[in-house]
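Visitor: Sequence plus predicted model, see below.
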Amino acid sequence: MSARAASLGFLVAFEAKLAWRRLAGERRRIAIAALLIFWLGLHAAAFHGLAGLRTEAFSRMPMAAVGLATLFAAFAMLATAFGLAAHGLFERRDLDLVFGAPVPARTVWAARAIAIASTSAAFPAYFGLPFAHAAAWHGEARLLAAYPALAAVAILSSALALLATLALVRLAGPRRARVLAQVLGALVGAVVFLAFQAHSFLPEAWRAASGTWMDSPSGKAWVGDASPLWSLSRALVGDPLPLAGLVATAAAAFALAVRIAGARTRKVRSRRSR
Amino acid sequence: MSAALEIRGLAKRFGATRAVDGLDLEVPAGELFALLGPNGAGKTTTLRLVAGLLAPDAGSIRVAGHDVAADPLAAKRILAFLPDEPQLYAKLRPLEYLAFVAGLWGLEPGEAGGRARELLALLGLEGTQGDYVETYSRGMKQKLALAGALLHDPAVMILDEPLTGLDAASARLVKDLLAARAASGRTVILSTHILEVAERVATRLAILSRGRVVAGGTMAQLRAGSDRTLEDIFLELTRESP
């Protein structure tokens, strides 16, 4: 009766089905409809808001502003991914079933990593993509690079979270690792949020000094449009080199995380249960 | 013909605790084999090691000739493992769960669907096909997990306390089903703390204490000509073992 082993596509489709079932229900269908309507509204707002801008204005977008927003989204995705990785490794109780089946552990972890990436990307995609769509509609098709860039950041976050969680298991043991991974996720989120608010907490003199520094040559080297700090946002707006670098980094991190998780599966579970 | 299960020098530690300590065991094909032992004797750990869910510290495990460490996928293809607390997906219906299990074992969907319906009917779950698993009782979940374990018609079944949560009628049904599988040449290995179940249905038994087999064989061999019950033998062995 037996034939081929379950494929990555099969497992990813199953993860998507589970996620959909968690959302779908009597009341949640109304919520989904509301989200869809709001999303269309976001498109309309983005379309209207960007209507006055033309190519020149797009090219003069301040990279620092776009970069900070992108970094905020990326760290938010990383924080979400930490929580999901801890859940996937310790709280989902179906691991006996999937690891008891003749499916390579790497395939299982690859599916889980993709599921984590998809979930962590959902929020930024929901709010960010309408603006990319509107920009494309107004002739800035390069902003559709938000799709591969967002996917790459999500995959990178997922891989980093999986690797960090496995490292925590090794260093602190499974019970502490679960709590630590969740705390780490919350900390990343909190620190990033506070960091982005820090400017408004600074005394007036410090804010003036930081403004002067940013206008200086050394300040421009650090936070100017050409700064490497904003590589992520340049990838997001379709600059080919940063985008290729981001995608390659994400692919390498994903392959490494899946390889390590696959190799360590039985050891991690050995430390976990009796 | 190779044994259905062959374990040599198996050892597994959790920190300072030796859960399995140099265990040797051989189960011929076509047996309904019961693994007995007091709490903490190493039954669950042994079964999880056999299922390839844990990595042993030492020793080897072969399932129908397949080395679990060297070729885990080949061993898992012919194995089924039912944990003591099977976790199902709350938001799936029973046929959807079984379709996922079928996919994990790479079964052809049409054939697997027919077998899934047969198994649900056999286990008395055919009237609940439209319900989500979250509405199932403990016993119904146990039976659905058992259906999943039977779906690919495994040559070797590993069941950890399979009768937990089942009512009398369901327990009888499951015992008969497992006995029939053994009679048809399949191998069933189960752990249980209910000695009466082991005494009545098992064709062969092993008693574990502190991670080692302290006695094994058929009921007649364990009695060794005396009229002692399995309970007498079990208490004597597990009390006296070092």
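Guide: Nice, I can see it.

Visitor: rest of the way, CA atoms for contacts and neighbours
Guide: Will do.

Visitor: Look up which residues are beta-bridged to the residue nearest to the spatial centre of chain B.
Guide: Within chain B, the residue whose C-alpha comes closest to the C-alpha centroid is B:L159; the distance, by CA atoms, centre = their mean, is 1.8 Å. Using DSSP bridges, the beta-bridge partners of B:L159 come out as B:L82, B:L190.

Visitor: Next, find the distance separating it from B:L150.
Guide: Using CA to CA, to the nearest Å, one obtains 11 Å as the distance from B:L159 to B:L150.

Visitor: Close to chain A: what parts of chain B are there?
Guide: Counting by CA under 8 Å from any CA of the partner chain, the residues of chain B lying close to chain A are B:14, B:19, B:44-45, B:51-55, B:72-77, B:80-81, B:83, B:87-89, B:91-92, B:100, B:103-108, B:152-153.

Visitor: Which among those count as buried?
Guide: B:19, B:44-45, B:51-55, B:72-77, B:80-81, B:83, B:87-89, B:91-92, B:100, B:103-107, B:152-153 (16 or more other CA atoms under 10 Å in any protein chain shown).

Visitor: Tell me which of the residues you listed fall in strands.
Guide: Residues from those lying in strands, with DSSP state E as the criterion: B:19, B:80-81.

Visitor: Switch those over to TSV; also include pLDDT and distance to A:F72.
Guide: Conversion of these to TSV gives the following (pLDDT from 0 to 100; distance: CA to CA, whole Å):
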residue	pLDDT	distance to A:F72
B:A19	94	47
B:A80	96	46
B:F81	96	45
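
Visitor: nearest to B:L237, of those?
Guide: Checking those against B:L237 with CA to CA, the nearest one is B:A19 at 17.8 Å.

Visitor: For residue 178, give me its contacts.
Guide: Answering for chain A, as no chain was given. The contact partners of A:R178, by CA atoms under 8 Å, 6 or more residues apart in numbering or on different chains, come to A:86, A:90, A:165, A:169.

Visitor: To clarify, I was referring to chain B.
Guide: Residues in contact with B:L178 (CA under 8 Å, 6+ apart) are B:32, B:188.

Visitor: how far is the strand or helix carrying it from where the chain is centred?
Guide: Taking DSSP states H and E as the criterion, the element that holds B:L178 is helix B:168-183. Taking CA atoms, centre = their mean, to the nearest Å, the mean C-alpha location of helix B:168-183 is offset from the chain mean by 13 Å.

Visitor: repeat for stretch B:224-240
Guide: Relative to its parent chain, stretch B:224-240 has a centroid offset of 23 Å by CA atoms, centre = their mean.

Visitor: Identify each buried residue in it, please.
Guide: Going by neighbour count (16+ other CA under 10 Å), the buried part of stretch B:224-240 is B:230, B:234, B:237-238.

Visitor: Could you do stretch B:169-188 as well?
Guide: Within stretch B:169-188, the residues that qualify as buried by neighbour count (16+ other CA under 10 Å) are B:170-171, B:173-175, B:178-179, B:181-182, B:186-188.

Visitor: for stretch B:155-169, same thing?
Guide: Within stretch B:155-169, the residues that qualify as buried are B:155-166, counting by 16+ other CA under 10 Å.

Visitor: Other residues contacting that stretch?
Guide: Applying CA under 8 Å, 6+ apart, the contact partners of stretch B:155-169 are B:4, B:44, B:47, B:51, B:63, B:78-84, B:138-140, B:142, B:149, B:171, B:174, B:186-193.

Visitor: do the same with stretch A:86-106
Guide: Surrounding stretch A:86-106, the residues in contact under the criterion CA under 8 Å, 6+ apart are A:5-6, A:108, A:112, A:165, A:178, A:181-182, A:258-259, A:261-263, A:265, B:51-53, B:72-77, B:80-81, B:83, B:87-89, B:104-105.

Visitor: In helices only, show me those.
Guide: Counting by DSSP state H, the part of the contacts of stretch A:86-106 found in helices is A:108, A:112, A:165, A:178, A:181-182, A:258-259, A:261-263, A:265, B:72-77, B:104.

Visitor: Just give the closest residue to the closest residue to chain B within the stretch 101-250 of chain A, not the sequence neighbours.
Guide: Among all residues of the stretch 101-250 of chain A, A:P102 sits closest to chain B, at 4.6 Å; criterion: CA to the nearest CA. By the measure of CA to CA, 6 or more residues apart in numbering or on different chains, the closest residue to A:P102 outside its immediate chain neighbours is B:L73, 4.6 Å from it.

Visitor: tell me the secondary structure for B:E85?
Guide: The local conformation at B:E85, judged by DSSP: H, G, I helix; E, B strand; the rest coil, is coil.

Visitor: ok, it to A:A205 distance?
Guide: Per CA to CA, B:E85 is found 63 Å from A:A205.

Visitor: What of B:G110?
Guide: With the distance defined as CA to CA, B:G110 ends up 74 Å from A:A205.

Visitor: ditto for B:L222
Guide: B:L222 sits 89 Å away from A:A205, going by CA to CA.

Visitor: ok, now A:W39?
Guide: From A:W39 over to A:A205 the distance is 42 Å, taken as CA to CA.

Visitor: So between these two, which is more surrounded?
Guide: Applying other CA atoms under 10 Å in any protein chain shown to A:W39 and A:A205 shows that A:W39 carries more neighbours, namely 16 against 9.

Visitor: Perfect, that will be all.
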